[in-house]
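J.: Give the three-dimensional model of this entry:
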Amino acid sequence: MSTRIIIADDHPLFRNALCQAVKQVVPDADIMECDSISSLETLLATQSDADLILLDLRMPGANGFSGLVLIRRQHPDIPVVVISASDDHMIMQRAIEYGASGFIPKASDLSQIATALQTVMNGSLWLPSPVTQNPSNEEHEFAQRLKTLTPQQLRVFMMLTKGLLNKQIAGQVNVSEATVRTHMTAIFRKLGVRNRTQAVLAANYLNVDDQDR
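T.: Have a look, this model is predicted:
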């Protein structure tokens, strides 16, 4: 049975280059492509047995690590390797904190990509170099709390951070406003915040500075 690998990146030229790299590393790979978080979710609805996801941090529908967190909560059994133009050690370590199994800078050569893919598919974490920096205690705690949200609660939380009102959120997730309010109560409790403002401020931990794309 072929290895199923999903490449999620909104730049067609880089997607094509990554496809070629993956084919050289895993010749029998069944490669699927998407260019946004929503198209990735749609693809995973029918490909939930994928072996690996290569995920760009910056795509439509994602803000910083939010796409990574959402996909990991919805499909915890599929390892995700972050692909990024950044080679910042702190960004790498934060990606691991939020659930990535590896981190590949876009400037990596074929041998490095091969090592990364083989390491992750063998069940281990992979980073291009030893990382000595660690996220702050506050971010670590936030990441741990975030993992307690259900996939639906996480989706509501992401919409909340974009400024959507309860009525708008209810329409997008196809539930009643009362259900959204119930989700909000649970989200605030699990994240240790008291209101929407504090929740939005806490979500800043998910951001990645523009220079770190």
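
J.: Report the buried residues of stretch 34-43.
T.: Buried positions in stretch 34-43, judged by neighbour count with 16 or more other C-beta atoms under 10 Å: 34-37, 39-41, 43. C-betas here are computed from N, CA, C, even on glycine.

J.: Sitting in strands, which of these do you find?
T.: Residues of the buried residues of stretch 34-43 located in strands (DSSP state E): Cys34.

J.: Now do stretch 68-83: distance from first to last residue.
T.: 11 Å (C-alpha to C-alpha, to the nearest Å).

J.: again, but for stretch 45-61
T.: Per C-alpha to C-alpha, stretch 45-61 runs 17 Å from first to last residue.

J.: How about stretch 31-40?
T.: Note: stretch 31-40 ends 13 Å apart using C-alpha to C-alpha.

J.: Tell me which residue is most central in the chain.
T.: Leu68 (0.7 Å; C-alpha atoms, centre = their mean).

J.: show me the contacts for that residue.
T.: 55, 57, 62, 80, 82, 95, 98-100 (C-beta atoms under 8 Å, 6 or more residues apart in numbering).

J.: Under the pLDDT cut-off, which ranges of the chain? List them.
T.: Counting by pLDDT under 70, the chain has low-confidence residues at 1, 132-133, 209-213.

J.: Swap in 50 and give it another go.
T.: 210-213 (pLDDT under 50).

J.: And the buried residues of stretch 34-43, which two are furthest apart?
T.: Asp35 and Glu41 (12.5 Å; C-beta to C-beta).

J.: ok, Asp77 to Ile71 distance?
T.: According to C-beta to C-beta, to the nearest Å, Asp77 stands 11 Å off from Ile71.

J.: before we move on, what about Arg189?
T.: From Arg189 to Ile71 the distance is 24 Å (C-beta to C-beta).

J.: got the residue ranges for the helices in the chain?
T.: 12-25, 37-46, 66-74, 89-97, 110-121, 137-146, 151-161, 166-173, 177-191, 196-202 (DSSP state H).

J.: Which neighbouring elements make contact with the fifth one?
T.: The helices and strands touching helix 110-121, judged by 3 or more C-beta pairs under 8 Å, 6 or more residues apart in numbering; DSSP states H and E, are helix 12-25, strand 52-56, strand 80-84, strand 102-105.

J.: Who has more neighbours out of Asp77 and Ile71?
T.: Ile71 (24 against 8; other C-beta atoms under 10 Å).

J.: Ala114 touches Val25, doesn't it?
T.: Yes - taking contacts as C-beta atoms under 8 Å, Ala114 lies within contact range of Val25: 4.3 Å.
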